[in-house]
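1. Sequence and predicted structure below; questions after.
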Amino acid sequence: MSLDVGGLAKGFALDAIGDIAKDAGVTSFFVNIGGDTILGDGPVTADGLGNWRSGVEAPLIGDEIFTRTTIDILHLQNIAIATTGDYRRFFTIEDEIFGHTIDPRTLRPANNYLSVTILHESAFVAEMLSTPAFILEIDEAKALLNSFGAHGLWVLPDMSAVATDGYREFSTVLFSQ
């Protein structure tokens, strides 16, 4: 048996990079490591500070992996984004797709969702919450996110989406006003 903390390393590194930038007086930054992101102040616009725009990728498998589309656009600043999904790392046995995220309760691949995207001020916390949010039922996951002040988006197997109320405030496509 072994313990791999690689799933948290990106979040830890992103928070450290954000802290280094802020300590150096850099407040406007956008840093991405392997799909997880930390954002500082938005870019300066004629009206002052704007928001960064970040797309949420459609979690497609197979040949569709090369024709990625965006299912949502977020307008963000001073926040981190972490996504867990099984559409990039999976294997197929007899035409059945098995993802790499294992549900510890069943010891089988979790398959309730195609992806989960988490927003939180800390990249480490967003990364830490993305895997359990991918495994738990939505109501349980929402309660977990709420206890940390995080927001989330779940993409279901039929490509519909469910989000926390807080996530909806950042969404400009899926949950536009």
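-> Perfect, I can see it now. A quick note: this is a predicted structure, and the numbers were derived from the prediction, not measured.
2. May I have the longest helix along the chain exported as CSV, CA atoms only?
-> Counting residues, the longest helix found in the chain (DSSP state H) is helix 6-23. Backbone C-alpha positions of helix 6-23 (Å, rounded to 0.1, in the frame of the first residue of the first chain) are rendered in CSV as follows:
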residue,chain,number,x,y,z
GLY,A,6,0.2,14.2,-5.9
GLY,A,7,-3.5,15.1,-6.0
LEU,A,8,-2.9,17.9,-3.6
ALA,A,9,0.6,19.0,-4.8
LYS,A,10,-0.7,21.2,-7.6
GLY,A,11,-3.0,23.1,-5.2
PHE,A,12,-0.2,23.6,-2.7
ALA,A,13,2.2,24.8,-5.5
LEU,A,14,-0.4,27.2,-6.9
ASP,A,15,-1.0,28.8,-3.5
ALA,A,16,2.8,29.1,-3.0
ILE,A,17,3.1,30.8,-6.4
GLY,A,18,0.2,33.2,-5.6
ASP,A,19,1.9,34.1,-2.3
ILE,A,20,5.2,34.7,-4.0
ALA,A,21,3.6,36.9,-6.6
LYS,A,22,1.7,38.9,-4.0
ASP,A,23,4.9,39.3,-1.8
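3. Contacts for that helix next, please.
-> 27, 29, 31, 33-34, 36-38, 40, 80, 82, 122-128, 131 (CB atoms under 8 Å, 6 or more residues apart in numbering). Just so you know, the C-beta spots here come from the backbone N, C-alpha and C atoms, and that holds for glycine as well.
4. Give me the buried entries from those.
-> Neighbour counting by 16 or more other CB atoms under 10 Å classes 29, 31, 36-38, 40, 80, 82, 122-128, 131 among the contacts of helix 6-23 as buried.
5. ok, so of the residues you listed, who is nearest residue 168?
-> Nearest to residue 168 among those is residue 126, at 17.1 Å by CB to CB.
6. hang on, isn't the closest one packed against residue 116?
-> No. Look at residue 126 against residue 116 with CB atoms under 8 Å: they stay out of range, at 10.5 Å.
7. Let's verify residue 128: helix, strand, or coil?
-> Assigned by DSSP: H, G, I helix; E, B strand; the rest coil, the conformation of residue 128 is helix.
8. that older thread, mind listing which of the buried ones among the contacts of helix 6-23 are in strands?
-> Residues of the buried ones among the contacts of helix 6-23 located in strands (DSSP state E): 31, 36, 37, 38, 80, 82.
9. Export those residues as TSV, with columns for pLDDT and distance to residue 94.
-> Below are these laid out as TSV (pLDDT from 0 to 100; distance: CB to CB, whole Å):
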residue	pLDDT	distance to residue 94
31	95	41
36	90	33
37	94	36
38	96	41
80	96	39
82	94	32
